[in-house]
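[1] Any chance you can model this:
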Amino acid sequence: MKIANIIAYVLVIVGALNWGLFGLLNFNLVSFVFGGARVMGSVLVYSVIAIAALWLIISPFLTEGKLALTQGEDM
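    So this is what the prediction gives:
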């Protein structure tokens, strides 16, 4: 579960950076990389980032309020 949390955090950070670029510079990095906002690659990236965000919301409920990120934390 620790690996899933770390991956989810990285994905959510990528999504937040994309939103920041879009808000500040009107530049959508995901659309630029995949050639459009509604192409399969972009939709897949947006969906995976949304699932990661949902995981970060649900995960503490599954682990009694703990969001494990390091080896030293108990589950």
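
[2] any weak-confidence spans in this structure?
    Regions of the chain meeting the criterion pLDDT under 70 cover residues 70-75.

[3] which residues of it fall in helices?
    Ranges of helices in the chain, per DSSP state H, are 2-25, 29-34, 40-62.

[4] Out of those, indicate the one that is most buried.
    Relative to the other members of the helices of the chain, helix 29-34 carries the highest mean neighbour count by mean count of other CB atoms under 10 Å, namely a mean of 16. Quick note: C-beta positions are derived from backbone N, CA and C, even for glycine.

[5] Quick check: which helices or strands does that helix pack against?
    In terms of contacts (3 or more CB pairs under 8 Å, 6 or more residues apart in numbering; DSSP states H and E), helix 29-34 is packed against helix 2-25, helix 40-62.

[6] can you put the helices of the chain in TSV and add distance to residue 68?
    As requested, these are exported to TSV (distance: least, CB to CB, whole Å):
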stretch	distance to residue 68
helix 2-25	5
helix 29-34	29
helix 40-62	9
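
[7] For residue 69, which of the ones you listed is the nearest?
    In terms of CB to CB, the element of the helices of the chain nearest to residue 69 is helix 2-25, at 5.6 Å.

[8] contacts for the closest one?
    By CB atoms under 8 Å, 6 or more residues apart in numbering, the surrounding residues in contact with helix 2-25 are 27-30, 46, 48-49, 52-53, 55-56, 59, 67-71, 73.

[9] now that helix, how far from the chain's geometric center?
    Helix 2-25 sits 5 Å away from the centroid of its parent chain (CA atoms, centre = their mean, to the nearest Å).

[10] again with stretch 19-38
    With CA atoms, centre = their mean as the basis, the distance from the averaged C-alpha position of stretch 19-38 to the chain average is 15 Å.

[11] Now do the end-to-end distance for it.
    In terms of CA to CA, to the nearest Å, the two terminal residues of stretch 19-38 are separated by 16 Å.

[12] do stretch 18-34 as well
    Counting by CA to CA, you get 13 Å between the two ends of stretch 18-34.
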